[in-house]
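Asker: Can you look at this prediction? I've put the sequence above it.
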Amino acid sequence: MTAKGRIAFVANTSWSIYKFRLYLIERLLHEGFAVYVLAPRDAYTGKFEQLPGLSYIELHHFHAKSLSPIHDYRLYRELFRHYRTLKPAIIFHYTVKANLYGTRAAARARIPSISVITGLGYTFAGEGWLQRVVRMGYRRTLRKSAEVWFLNEDDRQIFTSQHLVPSGKAFLLPGEGVDTTRFYPAPYAPKTPSQTVTFLLIGRLIRHKGIDEFVQAAGSLKAQGLNVQCQILGFFDEKNPVAIPRSRVDEWVAEKIITYFGHTDDVRPYIQQADCIVLPSYREGLPLSLLEGASMCKALIATDTAGCRALIEEGVNGYLCREKDGADLAAKMAAYYNLAPAEKKQMGLDGRSRVLQRYTQETVAAIYLEKIKTLRQSGHD
């Protein structure tokens, strides 16, 4: 098949390409595009670099956690060199440094690019010097993007109201897309009163995922005598400045407050055995763990904050709790615990219905294809 054109994806890890965008790349390859992935090499690179039609380019100067201007300049130069050589039709950038330095490099190479704001994270929260620098960088850089995509309305409003991006360039993408066949329906099954109700949190072991609040809530429910199992599934992000130490998790497990499963590439068996997916995160783009849980007919409990509130209708497919409030989270978990079996099941069914209506991989891939077509026809090619 003759390639329609070259499309480039740039991210801070190969893992994120594999986890969130592999289906999209496969769809573009099927449609006849040549696809380039530019990212640092990690344990997940080999899972996609041999795909026919895909070219992987290792980025040697992408230091995601570094604050060194020298590292950032080297990344900019590295990206510009690749862009000038490859001459892709469109470049998609993900995460802060790709958006900042990749967008500048693309503009200098006269190649249209789209910045995807997958979430604001700790580098945007607060009013410290780092947050001010990131905002200033976005304000100077995003005007060079053809479009800027957001995963939730809260983030879009922040960027447009603070004039970080022109409102005409801001676009709302409905998440990263869920494979609703792979994440199959597994609705709540009625249990006897003596059986355990299981709450599962899927996320990196960092404070901003609400790990401490979840553990506090788990302890509170157990102290009330409720028959619950509270579980965590995710990897230790030890280089992150807000990482949860392994020693603390070991203590929680030893005290039988939580069960920790470690990390896996296939979360489905863990979601299937759970009754409710919990994510008391401080802020999200649009959390895939909640979308995947909803696709499998699980009720959701999450923080009433950006990225989470878009997925939950209070009392319909789950509950929203206050940010950084373990007691309120415990109250919402208890509210789910006390529902009748039929009500628990209906919550999960309503959640899957919402995913099917808006958040499928087919929906998201169709948006990408239409945007690529529009940009090329408008002369950005």
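Answerer: It's in. Because the structure is a prediction, the values reported are computed rather than measured.
Asker: For stretch 161-179, list every residue counted as buried.
Answerer: Residues of stretch 161-179 classed as buried by neighbour count (16 or more other CB atoms under 10 Å): L164, V165, K169, A170, L173, P174, G175, E176, G177, V178. C-beta here means a position set from N, CA and C on the backbone, and glycine is covered the same way.
Asker: And for stretch 215-232?
Answerer: Within stretch 215-232, the residues scored as buried using 16+ other CB under 10 Å are 215-222, 228-232.
Asker: what's the answer for stretch 55-75, then?
Answerer: By 16+ other CB under 10 Å, the buried positions in stretch 55-75 come out as Y56, I57, L59, H61, F62, H63, A64, H71, D72, R74, L75.
Asker: Would you state the helices of this protein in chain order?
Answerer: Assigned by DSSP state H, the helices in the chain fall at 14-16, 22-30, 69-86, 96-97, 103-108, 129-141, 153-161, 211-223, 246-254, 268-273, 288-295, 326-337, 341-358, 361-375.
Asker: which one of the ones you listed has the lowest average pLDDT?
Answerer: Note on the helices of the chain: helix 129-141 shows the lowest mean pLDDT, a mean of 85.
Asker: Report the angle between it and helix 69-86.
Answerer: Helix 129-141 and helix 69-86 are oriented at 30 degrees to each other (axes from the mean of the first three to the mean of the last three CA atoms, to 10 degrees).
Asker: Export helix 129-141 to PDB, keeping only CA atoms.
Answerer: Extracted C-alpha coordinates of helix 129-141, given in PDB (Å, rounded to 0.1, in the frame of the first residue of the first chain):
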ATOM      1  CA  TRP A 129       8.900  29.100  40.200                       C
ATOM      2  CA  LEU A 130       8.600  25.900  38.200                       C
ATOM      3  CA  GLN A 131       4.900  26.400  37.600                       C
ATOM      4  CA  ARG A 132       5.500  30.000  36.400                       C
ATOM      5  CA  VAL A 133       8.200  28.800  34.000                       C
ATOM      6  CA  VAL A 134       6.000  26.100  32.500                       C
ATOM      7  CA  ARG A 135       3.100  28.600  32.000                       C
ATOM      8  CA  MET A 136       5.400  31.100  30.400                       C
ATOM      9  CA  GLY A 137       6.800  28.400  28.200                       C
ATOM     10  CA  TYR A 138       3.300  27.300  27.100                       C
ATOM     11  CA  ARG A 139       2.300  30.900  26.400                       C
ATOM     12  CA  ARG A 140       5.200  31.500  24.100                       C
ATOM     13  CA  THR A 141       5.200  28.100  22.400                       C
END
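Asker: Looking only at that helix, what residues are buried by neighbour count?
Answerer: Within helix 129-141, the residues that count as buried by 16+ other CB under 10 Å are V134, R135, G137, Y138, T141.
Asker: Same check on stretch 86-99?
Answerer: 86, 88-99.
Asker: Repeat that for stretch 202-216.
Answerer: Residues of stretch 202-216 classed as buried by neighbour count (16+ other CB under 10 Å): 202-211, 213-216.
Asker: Distance to A186 added to those, as CSV?
Answerer: Formatted as CSV, the buried residues of stretch 202-216 follow (distance: CB to CB, whole Å):
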residue, distance to A186
I202, 15
G203, 20
R204, 24
L205, 25
I206, 28
R207, 30
H208, 29
K209, 23
G210, 24
I211, 25
E213, 26
F214, 22
V215, 26
Q216, 28
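Asker: about what we covered before: with distance to H82 added, can I get the buried residues of helix 129-141 in CSV?
Answerer: As requested, the buried residues of helix 129-141 are arranged in CSV below (distance: CB to CB, whole Å):
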residue, distance to H82
V134, 24
R135, 27
G137, 21
Y138, 23
T141, 18
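Asker: quick one on the thing from earlier: of the buried residues of stretch 86-99, which pair is most distant in space?
Answerer: The span of the buried residues of stretch 86-99, defined through CB to CB, is set by A89 and V96 at 24.2 Å.
Asker: ok, how many other residues are close to A43?
Answerer: When neighbours are counted by other CB atoms under 10 Å, A43 registers 11.
Asker: The residue lying closest to it once chain neighbours are set aside: how many residues sit nearby?
Answerer: Take A43 and drop its neighbours on the chain: the residue closest to it by CB to CB, 6 or more residues apart in numbering is W15, 7.4 Å away. Counted with other CB under 10 Å, the neighbours of W15 add up to 18.
Asker: Check whether W15 really touches Y44, as I assumed.
Answerer: Yes - using CB atoms under 8 Å, W15 makes contact with Y44 at a distance of 4.4 Å.
Asker: how far away is K144 from G5?
Answerer: For K144, the distance to G5 equals 21 Å [CB to CB, to the nearest Å].
Asker: Same check on D304?
Answerer: 42 Å.
Asker: tell me the domain ranges of the protein?
Answerer: Per automatic domain parsing, the domain ranges recorded for the chain read 6-177+360-380, 197-358.
Asker: Of all those, which one is nearest Y188?
Answerer: Taking those one by one with CB to CB, domain 197-358 is closest: 4.2 Å.
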